[in-house]
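[1] got a predicted model here, sequence first, then my questions.
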Amino acid sequence: MNPLDPFDSNIQLLQKVLDLRSTNQRIIATNIANAETPGFARKVFTFEEQLQNAITAKPGTLATTHSKHISTAPTSVSSVTGRVDEVEDKTGIGDENGVSVDMEMVALSENELLYETAAQLLNKKFTLLKYMIQEGK
Amino acid sequence: MDIFTTFDVSASALKAQRTRLNTISSNLANVETTSTPEGGPYKKKSVYFQTKPISFKEQLDSSIQGVEVTKILEDTEEPKKIYDPSHPDAAEDGYVAMPNISVLKEMVDMMSATRSYEANTTVIKSAKRMALKALEIGR
């Protein structure tokens, strides 16, 4: 990453993080909305690992864990989509519903905080960019 | 990104919980109703929740779902009999059929509906804060 390049890939990365966090927000909203729907399976959205792989992968190469593996892992930050997993947890008493509202609320505030962090970082980057464009005025 | 989908999801839950609360209030109001237009004592009603797809164009379509009340069912529980020969609705043997509603159960259900409603409003608030934060970028 060239420190003198104002439009570095961090902006793209932060943009992707905002995107993914906003999707995560919707998944958590789904869980909370359906906290009392019988038979509803809790959904978990994960993207951190995919994003990490995309950051460390060199462009044009496939990330593999074994020499014979053909990986379909995303190699650019923009192609990270995240993954939604259904947690088949039918332990809920009576309604076979695996949602724990307290856990979801914690996940919600965590997600929100991380979203705001990314937004703030992005904001700082643009402020800095503006400062540079205005020749430090 | 479409932050309004969160609103749709949570709003569907708010609507469902409100319907539930209405049903509970109807149950509580009729806890001593011995005659109804359909005949017999009032029957306790329960709501039935089901997931409801929120349609939008993303690939994660099916994983984002709201909730809706699809059915309001009448309880099949037998009415409880109370001996009160002077009651206008009393049968020949002096027993009155009363609705089989447990006030305690309804109250607990009511609290649960309220809390669930609150949880969903919190989600909406959180989504709103996130949207506002995104709007601050580049300001």
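    Happy to help now that I have it.
[2] all helices for the chain, in order.
    With no chain named, the answer covers chain A. Secondary structure of chain A, counting by DSSP state H: helices at A:9-33, A:48-56, A:101-133.
[3] that's the wrong chain, I meant chain B
    Assigned by DSSP H, the helices in chain B fall at B:4-29, B:103-136.
[4] burial count for residue 49?
    As the question left the chain open, I've gone with chain A. 12 (other C-beta atoms under 10 Å in any protein chain shown). C-betas here are computed from N, CA, C, even on glycine.
[5] switch to chain B, that's the one I care about
    Neighbouring residues of B:Phe49 were enumerated by other C-beta under 10 Å; the total is 25.
[6] give the contact list for it.
    Residues near B:Phe49 by C-beta atoms under 8 Å, 6 or more residues apart in numbering or on different chains: A:Asn34, A:Glu36, A:Thr37, A:Pro38, B:Ala16, B:Val67, B:Glu68, B:Val69, B:Thr70.
[7] what's opposite it in the beta bridge?
    Following DSSP bridges, B:Phe49 is listed with bridge partners B:Val69.
[8] where does it land on pLDDT?
    pLDDT recorded at B:Phe49 is 92.
[9] distance of it from A:Lys137?
    B:Phe49 is 59 Å from A:Lys137, where distance means C-beta to C-beta, to the nearest Å.
[10] one more: A:Arg42?
    Counting by C-beta to C-beta, the gap from A:Arg42 to A:Lys137 is 52 Å.
[11] just B:Ser63 next, same as before
    B:Ser63 sits at a distance of 48 Å from A:Lys137 (criterion: C-beta to C-beta).
[12] dump the helices of chain A to TSV, plus mean pLDDT and distance to chain B.
    Listed next are the helices of chain A as TSV, based on pLDDT from 0 to 100; distance: least, C-beta to the nearest C-beta, whole Å:
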stretch	mean pLDDT	distance to chain B
helix A:9-33	90	3
helix A:48-56	86	14
helix A:101-133	91	4
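[13] tell me the most buried of those?
    By mean neighbour count, with neighbours taken as mean count of other C-beta atoms under 10 Å in any protein chain shown, helix A:9-33 ranks first of those at a mean of 23.
[14] packing partners for it?
    strand A:42-46, helix A:48-56, helix A:101-133, helix B:4-29, strand B:65-74, helix B:103-136 (3 or more C-beta pairs under 8 Å, 6 or more residues apart in numbering or on different chains; DSSP states H and E).
[15] ok now that helix, how far from the chain's centre?
    5 Å (C-alpha atoms, centre = their mean, to the nearest Å).
[16] do stretch B:92-100 as well
    In terms of C-alpha atoms, centre = their mean, the centre of stretch B:92-100 is found 29 Å from the chain centre.
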